[in-house]
Each structure stands twice: as C-alpha cells, then as structure tokens.
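Colleague: next come a sequence and a model predicted from it.
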Amino acid sequence: MLESELKKLEYFILLENWKGYDPYDALNSRFLKFLTFGSKPLRLVIQQSLRRSVVNLRPLFGVPKGINPKGMGLFALGYLNRFKKTGDLDYKNKAIEVLDWLQNNCSSGYSGYCWGYNFDWQSRA
C-alpha cells in the first residue's frame, strides 16, 4: 500500500514539473508585491494572510508555482533511500537527475554550492 501511494505522489510531482507553492511565497505575486508599496509591515501582512488562509488564494493573485531547492534536496534523499531499500537502479538514476538539477541551479557569486528561497519573503525584523 505504501509503495502505491509513493508512486501516486511521484506521478503528481513529476506532472507538476517539481513545482509547487510555499507557505511564504505570496510576494511572488506582482500584484500583491505592488500593494505593499515597499512597506515591511504591509509585506508581512500580505505574506501572513496568504499563509494562514484556509483557501489557496495563490492562483487568484497570480502567485506562480516554483521549484524549491530544499525540496529538491529532500527528493534526492528520498530517491537515495528508496534505492538503498530496494536496489532499484531507477531510484539511483532519479536521485542523480535531481542532484544534477541542484548542481546546475546553485546561487552564483558565492564560494561553493549554495541555494536560497525561490521567493521573496518578509521577516518581522
């Protein structure tokens, strides 16, 4: 049963091309970002409003789905764990594919490999 659920999840993830929403991605909306007028308190209010909404308002406000590097790292780890458990080379190859994506999409201008969020966010500070 677990195996079939994992396959369904993987199918959905691949169908979405690894993209999804993040609880803090509201400021990826050009419209919502404009409404903040650069004000930190307004940025925080908008970010938290979408994060806490019981209805996903992101499509309504044009928040695009994105690929989260941390999520990709977790996918690679999951594939490696599946390979270790099953010995299925398909999982190893998928892990390599995800790790290649991470290598090709690291933040430039820094020494070594590093990644950041794929969205603007506002902290209280």
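Modeller: Structure received. All values derive from a computational prediction rather than experimental measurement. Residues are numbered from 1 along each chain as shown.
Colleague: contact partners of the helix or strand containing residue 11?
Modeller: In the assignment (DSSP states H and E), residue 11 maps to helix 2-15. When contacts are defined by CB atoms under 8 Å, 6 or more residues apart in numbering, helix 2-15 is touched by residues 75, 82. (Glycine included, C-beta is placed from N, CA and C.)
Colleague: helix or strand next in line after that helix, which one?
Modeller: Next element after helix 2-15 (DSSP H and E): helix 30-35.
Colleague: give me the next element, helix or strand, following that following helix.
Modeller: helix 40-52.
Colleague: okay, buried residues for the helix holding residue 11 please.
Modeller: By neighbour count with 16 or more other CB atoms under 10 Å, helix 2-15 contains no buried residues.
Colleague: and that helix, how far out from the chain's middle?
Modeller: 17 Å (CA atoms, centre = their mean, to the nearest Å).
Colleague: I'd like the numbering to begin with 121 instead of 1 from here.
Modeller: Yep, numbering from 121; the last one is helix 122-135 now.
Colleague: give me the neighbour count for the residue lying closest to residue 239 once chain neighbours are set aside.
Modeller: Counting by CB to CB, 6 or more residues apart in numbering, residue 239 lies nearest to residue 145, which is 4.0 Å off, once chain neighbours are set aside. Using other CB atoms under 10 Å, residue 145 is surrounded by 23 other residues.
Colleague: pretty sure residue 145 is in contact with residue 183, am I right?
Modeller: Yes - with contact defined as CB atoms under 8 Å, residue 145 and residue 183 form a contacting pair (5.8 Å).
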